[in-house]
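1. 3D model of this:
(2 chains)
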Amino acid sequence: MYDRIKGFRDFYPGEMAARRATIDTLEDTARGYGFREIGTPALERAEMWTDKSGDDIVEELYSFEDQGGRHVTLTPELTPTVARMVVAKQQELSKPIKWFSTRPFWRYEQVQQGRQREFYQTNVDIFGSSEPEADAEILAWAADALTNLGLTDEHFEFRISHRDILGGVLETYDADVDIDDAIRAVDKSDKLSTAEYHDLLIGAGLTSEQAVEFDDLVAGGDLEAVRAFADTDRVDAAVDNLQHVLEAADDFGAREYCTISLETARGLDYYTGVVFECFDSAGEVSRSIFGGGRYDDLIESFGGQPTPAVGVAPGHATLALLCQRAGVWPDEEVTTDYYVLQIGDTRTEAARITRELRERGHVVETDVAGRSFGSQLNYADSINAETVVIAGEQDLANDEVTIKDMNSGDQMQVPVEEFPGEYERPTFADFDS
RNA sequence: UCCGGGUUGGGGUAGUGGUUAUCCUUCAGCCUUGUGGAGGCUGAGACGCGGGUUCGAUUCUCGCACCCGGACCCA
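-> This is a model prediction of the structure:
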């Protein structure tokens, strides 16, 4: 026996059926918005991460030197890859660029609830529009995807903010404030006591009075109060932008899921404007389910022309947790439309029926193991067959087959030429007259 | 990297410093080449790995691995 690699998961057919249904919902929703599916490599040059984040990040990458001496890594996220793709064909791609993809990513980090070393995300991005409608469309897709999964506003909320609001307010203080440190403190404030939070703010350069004042202002979430307090063009523009995004989201049907939450900072890296995180309303999934936002500078930093961008990337592990706790996770079972049961030398006729049912697009199994009647029925039960078609020697001797409804156990004999005959999806009920 | 709790057939469990490790379930076959979700019979299948203590370790002990939760981190 070989062990599974820590942090990597197997998905058996039942679990995979539920995942597949979930992925299909996310992707079908994206297709409805005109997002186009892209495919991307599992390996990229490690420099795509080390150049920006420093060599320390190698500790969290699955990186190695390939046979050609290239320093490569299994991709820990999609964004640099799509940025590379956009830059490579910048001139020929019509704007706005709207792409999605579902794929695994890999990070060498500590495994815990909702976090594996191999994890799956559906990335949805728009490049080439700085308009609030683009931000709002991302929010609308996310809201539609979650509601199409069966979730409601009782289950999730989007906490939305704008990067320039925190930064803009902080820069109005005269003190030598380390804005990155202060934003980091805000991002953590949920998990800290008030005193610890204030200590971090003071550590970032605020005075004790300023820390209290800043905390009150941010926690209040009153955009006009923030605007008045800062009274700078930068904060003015950020507040305007956030309000415009929310107005567009209202028209797009996503506003009801959004809560203004200035504590949402979403890390520090490439976000530049609106940022948001999806949270479990019941608070049972403590970490954020997923997040997204605007990253207008990234494409330029990859050597392209300045190109605004906004996107979101739900991770499937935390999404599954949310769905399970909300009671909307699909059944982890395989389903089967028909099992064609053979007894004796009935393969020819059984195969004919099987093929005709499959041509109609159904899921159909028949015996490939030479098993007994009882064993076949037992198997049909185990694969959740809806209907069993018994092609037995005795039935065929009378030019009949037996149709059995596995739910009720009812069965009856029907002429073999009528099965499947003209029926698109014949079941016991069609003959039970 | 750190903290806490775990690890006995595929799943769930009982138990013990000593001869054949308990029960339920599962799986396979048979009773049954004509009936699954009911029964009977037969079979398969486990003490996570390594070291130490001991005449003897699944049991005690140490280390490691893995699992679950959490901290840090979260591109």
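
2. what comes into contact with the lowest-mean-pLDDT helix or strand in chain A?
-> Confidence across the helices and strands of chain A bottoms out at helix A:179-188, with a mean of 82, counting by mean pLDDT, DSSP states H and E. For helix A:179-188, the external contacting residues (Cβ atoms under 8 Å, 6 or more residues apart in numbering) are A:166-167, A:170-171, A:192, A:197, A:200-201, A:203-206, A:214, A:218, A:262-268. In this view, the C-beta of every residue, glycine as well, is placed from N, C-alpha and C.

3. for A:Gly7, give its distance to RNA strand B.
-> Using Cβ to the nearest atom of the strand, to the nearest Å, A:Gly7 is found at 6 Å from RNA strand B.

4. assign that residue to helix, strand or coil.
-> At A:Gly7 the chain is in coil, as set by DSSP: H, G, I helix; E, B strand; the rest coil.

5. just to revisit the earlier point, just the ones of the contacts of helix A:179-188 in helices?
-> Using DSSP state H, the subset of these located in helices is A:Leu166, A:Gly167, A:Leu170, A:Tyr197, A:Leu200, A:Leu201, A:Gly203, A:Phe214, A:Val218.

6. show me the shaky parts of the stretch 201-350 of chain A.
-> A:266-269, A:284-286 (pLDDT under 70).

7. where along it do the helices fall?
-> Taking DSSP state H, counting those that start in this stretch as the criterion, the stretch 201-350 of chain A carries its helices at A:208-220, A:223-230, A:233-251, A:298-301, A:316-326, A:347-359.

8. check which residues of the fourth one are buried.
-> By 16 or more other Cβ atoms under 10 Å, the buried positions in helix A:298-301 come out as A:Leu298, A:Ile299.

9. what sits up against that helix?
-> Taking Cβ under 8 Å, 6+ apart as the rule, helix A:298-301 contacts A:Lys52, A:Thr79, A:Ala83, A:Val86, A:Val87, A:Phe127, A:Tyr270, A:Gln305, A:Pro306, A:Thr307, A:Ala309.

10. in TSV: the ones in helices among the contacts of helix A:179-188, plus distance to RNA strand B.
-> What follows is the ones in helices among the contacts of helix A:179-188, written out as TSV (distance: Cβ to the nearest atom of the strand, whole Å):
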residue	distance to RNA strand B
A:Leu166	14
A:Gly167	16
A:Leu170	18
A:Tyr197	12
A:Leu200	10
A:Leu201	15
A:Gly203	13
A:Phe214	20
A:Val218	18
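
11. so which of the residues you listed is the closest to A:Arg347?
-> In terms of Cβ to Cβ, no member of the ones in helices among the contacts of helix A:179-188 lies closer to A:Arg347 than A:Leu166, at 71.3 Å.

12. residues near the closest one, how many?
-> For A:Leu166, the count of nearby residues is 25 (other Cβ atoms under 10 Å).

13. same check on the one 4 residues further on?
-> A:Leu170 has 25 neighbouring residues, counting by other Cβ under 10 Å.

14. tell me how many other residues surround A:Ala429.
-> Using other Cβ under 10 Å, A:Ala429 is surrounded by 12 other residues.

15. returning to what we had before: any chance of TSV for the ones in helices among the contacts of helix A:179-188, columns distance to A:Asp331?
-> What follows is these, written out as TSV (distance: Cβ to Cβ, whole Å):
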residue	distance to A:Asp331
A:Leu166	43
A:Gly167	47
A:Leu170	49
A:Tyr197	43
A:Leu200	46
A:Leu201	48
A:Gly203	51
A:Phe214	49
A:Val218	43
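
16. I'd like the helices of the stretch 201-350 of chain A as a markdown table, with distance to A:Pro420 appended.
-> Converted to a markdown table, these look like this (distance: least, Cβ to Cβ, whole Å):
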| stretch | distance to A:Pro420 |
| --- | --- |
| helix A:208-220 | 65 |
| helix A:223-230 | 63 |
| helix A:233-251 | 48 |
| helix A:298-301 | 55 |
| helix A:316-326 | 36 |
| helix A:347-359 | 5 |
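
17. about what we covered before: quick one: buried residues of the least confident helix or strand of chain A?
-> Buried-residue list, helix A:179-188, by 16+ other Cβ under 10 Å: A:Ile179, A:Asp181, A:Ala182, A:Ile183, A:Arg184, A:Ala185, A:Val186, A:Asp187.

18. same check on stretch A:356-369?
-> For stretch A:356-369, a neighbour-count test (16+ other Cβ under 10 Å) marks A:Leu357, A:His362, A:Val364, A:Glu365, A:Thr366, A:Asp367 as buried.

19. show me what from the stretch 301-433 of chain A comes close to RNA strand B.
-> Contact residues, the stretch 301-433 of chain A versus RNA strand B (Cβ under 7 Å from any atom of the strand): A:343-344, A:369, A:371-375, A:377-382, A:390, A:392-395, A:402, A:404, A:406-409, A:411.

20. returning to that earlier point: run through the buried residues of helix A:179-188 and flag the ones next to RNA strand B.
-> Residues shared between the buried residues of helix A:179-188 and the neighbourhood of RNA strand B are A:Arg184 [Cβ under 7 Å from any atom of the strand].
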